[in-house]
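>>> A predicted structure for the sequence below; I have some questions about it.
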Amino acid sequence: MSSLGNFVKRLRDIMRNDAGINGDAQRIEQIAWLLFLKVYDTKEEDWEFDDDAYESIIPEDCRWRNWAVDDGKGTALTGDDLLDFVNNTLFPTLKGIQVSKTTPINKAIVKTTFEDTNNYMKDGVLLRQVVNVIDELDLTNYEESHAFGDIYESILKELQSAGSAGEFYTPRAVTDFMAQMIKPVIGEKMADFACGTGGFIISWLKALESQKKTVEDRAAFDTSVYGIEKKQFPYMLCVTNLLLHDIDTPRVYHDNSLLKDVLDYTEDDQFDVVLMNPPYGGSEKTEVKNHFPSDLASSETADLFMSVIMYRLKQNGRAAVILPDGFLFGTDNAKVAIKKKLMSEFNLHTVIRMPHSVFAPYTSITTNILFFDRTGSTKETWFYRLDMPDGYKNFSKTKPMKLEHFAPAVEWWSDRQEITIDGFDKAKKYTVEELAERSYNIDLCGFPHEEEEILPPRELIQQYQEKRASLNADIDRILEQITGILGISDMEDLT
């Protein structure tokens, strides 16, 4: 292919003429399922080469090589014939594939990838053009395949401006930093229980790459990752991402991590490392909260994922988790219970306060990275504020956060010192007793007010609601202390 960098633009230009495609989100989903089939067919060529007895789970007429490849002889399906095949043969066949518990992962992923996938295009001639562009990719060529990994990354970045799909993409600089600081070791198992497009998994593999020395190391590397993703589209992107990175048996499952009783988890369900950015801002139904102990049963999605992480982290395991400011300052009953459990059973050693707009344009809510391990209870916690780099007022699509922007935090990490700038704490250590005295409001070393950004109305309302819940919890706690001191057993005694 002459210009990989032009790949997405070419596809976009074709699809803009199709009446069935409505906006970037549908364009990207259309590209994604076609790419999956192209990548999967390339992987099947490898598996067939390695194993003469290999049999595809996809029926012959539905394999990419037998319907998508245009040999230039004028026999390739196009127009209404192609549309009819895709809508009435390909999709029903792939959705109807029978799998069982014994079906190998690399085969079962075909069915789960297509369960809720759609063909949006209505013009069969344009669809043929799109298929041809994708088929030009030579994924058997190492250099081109490696270069396409970067193109695929650019497709994932497009999710940030493709409506609600943006929630699935964590900037690569952030996932790389977290994987780097967690220090992967060959043989460890890493998990992400809301893995989206697989950013944390890829960063983990990248950080682990240099440790592959032997055949045994390669086997351990290939089986070192585990992911769960609730939504169909990011799940499909994640599986394709892993296949592109030569993980032949992606242990990624289309499921909901919040729909299992956390008390039922055993050591077999636990992992050495957890890296993730839990969904936040969502509110879960009562039936979801029923899977958690009553004191931990928050209605906030990120809180529930924190509980899942704590129950699924191995003894001596390590975790790095992104959480919004609301988790830090929240003092409602559930958040306090979660933070108490975190600090009494885990060692919360570091909190990195990230600058605003890291996740722009999807959200402007300020986020934080919590680093903790299961080596004992927390004795002290360091807080470090990562300021906006020089020359940046905001991060944006054209000026995204880069790994180098974490350099001050990396330098500070290995030689921790308390830092105060213009009267504001930038880095400071607190004992667990000091944090408990604050009712576990750990909103510390935050950003000076002049750096705060005006949030969009929906996010502003959400933040005010979180602060109100936290304030109400503080008031209730203080009233309880006062009535206890006065010996008043019932609030009615005050009237």
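The structure has been received and is ready for your questions.
>>> identify the residues contacting whichever strand or helix holds residue 336?
Secondary structure from DSSP states H and E places residue 336 in helix 333-345. Applying C-beta atoms under 8 Å, 6 or more residues apart in numbering, the contact partners of helix 333-345 are 295-300, 303, 306-307, 310, 327, 330, 348, 372, 374, 377-378, 381, 432, 435-436, 439-440, 442, 470, 473. C-beta here means a position set from N, CA and C on the backbone, and glycine is covered the same way.
>>> now with 7 Å, please.
Helix 333-345 is contacted from outside by 295-298, 303, 306-307, 310, 327, 348, 372, 377-378, 432, 435, 439-440, 473, using C-beta atoms under 7 Å, 6 or more residues apart in numbering.
>>> residue 77 reaches residue 68, doesn't it?
No. Counting by C-beta atoms under 7 Å, residue 77 does not reach residue 68; the two are 8.5 Å apart.
>>> compare these two (neighbour count), which wins?
More crowded of residue 77 and residue 68, by other C-beta atoms under 10 Å: residue 68, with 22 against 18.
>>> since we're on the residue lying closest to the more buried one once chain neighbours are set aside, how many residues are nearby?
Ranked by C-beta to C-beta, 6 or more residues apart in numbering and with sequence neighbours excluded, the top spatial neighbour of residue 68 is residue 131, at 5.0 Å. The local packing of residue 131 (other C-beta under 10 Å) involves 24 other residues.
>>> against residue 399, how distant is residue 131?
Distance, residue 131 to residue 399, using C-beta to C-beta, to the nearest Å: 35 Å.
>>> over to the residue nearest to residue 68. Which of the three states is it?
Classification of residue 131 using DSSP: H, G, I helix; E, B strand; the rest coil returns helix.
>>> returning to that earlier point: after the helix holding residue 336 comes which helix or strand?
Next along from helix 333-345, by DSSP H and E: strand 347-353.
>>> what packs against the next helix-or-strand element following that following strand?
Where DSSP H and E defines the elements, the next helix or strand beyond strand 347-353 is strand 367-373. Packing contacts for strand 367-373, counted by 3 or more C-beta pairs under 7 Å, 6 or more residues apart in numbering; DSSP states H and E, involve strand 313-324, strand 347-353.
>>> the shortest one - contacts with which helices or strands?
Contact here means 3+ C-beta pairs under 7 Å, 6+ apart; on that basis strand 347-353 packs against strand 367-373, strand 380-385.
>>> buried ones in stretch 205-220?
Within stretch 205-220, the residues scored as buried using 16 or more other C-beta atoms under 10 Å are 205, 206, 207, 208, 212, 220.
>>> avg pLDDT for that stretch?
Summarised as a single mean, pLDDT over stretch 205-220 is 94.
>>> what's the answer for stretch 227-240, then?
91.
>>> residues in contact with it?
29, 32-33, 35-36, 39, 109, 113, 115-117, 156, 165, 168, 192-198, 201, 250, 252-257.
>>> now those: which count as buried?
Using 16+ other C-beta under 10 Å as the burial test, these include 29, 32-33, 35-36, 39, 109, 113, 117, 156, 165, 168, 192-198, 201, 250, 252-254, 257 as buried.
>>> from those residues, which land in strands?
When DSSP state E is applied, the buried ones among the contacts of stretch 227-240 are split such that 192, 252, 253, 254 fall in strands.
>>> so which residues of the stretch 51-200 of the chain form helices?
64-67, 79-85, 91-95, 105-114, 124-135, 142-158, 172-182, 199-208 (DSSP state H, counting those that start in this stretch).
>>> make JSON lines out of the ones you listed and add distance to residue 19.
Listed next are these as JSON lines, based on distance: least, C-beta to C-beta, whole Å:
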{"stretch": "helix 64-67", "distance to residue 19": "23"}
{"stretch": "helix 79-85", "distance to residue 19": "12"}
{"stretch": "helix 91-95", "distance to residue 19": "19"}
{"stretch": "helix 105-114", "distance to residue 19": "23"}
{"stretch": "helix 124-135", "distance to residue 19": "10"}
{"stretch": "helix 142-158", "distance to residue 19": "21"}
{"stretch": "helix 172-182", "distance to residue 19": "35"}
{"stretch": "helix 199-208", "distance to residue 19": "33"}
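>>> thinking again about what came up before, just the buried subset of the contacts of helix 333-345, please.
Buried members of the contacts of helix 333-345, scored by 16+ other C-beta under 10 Å, are 296-298, 303, 306-307, 310, 327, 348, 372, 378, 432, 435, 439-440, 473.
>>> which of the residues you listed lies closest to residue 96?
residue 307 (37.0 Å; C-beta to C-beta).
>>> any idea how far residue 223 is from residue 247?
9 Å.
>>> between these two, which has more neighbouring residues?
The neighbour comparison of residue 223 against residue 247 (other C-beta under 10 Å) goes to residue 247, with 24 against 13.
>>> residues near the residue lying closest to the more buried one once chain neighbours are set aside, how many?
Leaving out its chain neighbours, the residue that sits closest to residue 247 by C-beta to C-beta, 6+ apart is residue 222, at 6.0 Å. Neighbour count for residue 222, taken as other C-beta under 10 Å: 17.
>>> quick one: residue 222 and residue 246 touch, right?
No. Taking C-beta under 7 Å as the definition, residue 222 is not a contact partner of residue 246, at 8.1 Å.
>>> in JSON lines: the buried residues of stretch 205-220, plus distance to residue 404.
Shown next, in JSON lines, are those (distance: C-beta to C-beta, whole Å):
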{"residue": "205", "distance to residue 404": "21"}
{"residue": "206", "distance to residue 404": "16"}
{"residue": "207", "distance to residue 404": "16"}
{"residue": "208", "distance to residue 404": "21"}
{"residue": "212", "distance to residue 404": "26"}
{"residue": "220", "distance to residue 404": "30"}
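>>> list just the nearest of those to residue 406.
Once C-beta to C-beta is applied, the member of those that ends up nearest residue 406 is residue 207, at 13.6 Å.
>>> can you tell me how far that closest one is from residue 179?
Using C-beta to C-beta, we find residue 207 at a distance of 4 Å from residue 179.
>>> and residue 26, by the same measure?
32 Å.
>>> go on, residue 292?
Residue 292 is 28 Å from residue 179, where distance means C-beta to C-beta.
>>> same check, this time on residue 65
Distance of residue 65 to residue 179, given as C-beta to C-beta: 36 Å.
>>> compare these two (neighbour count), which wins?
Between residue 65 and residue 179, counted using other C-beta under 10 Å, residue 179 has the larger neighbour count: 24 against 14.
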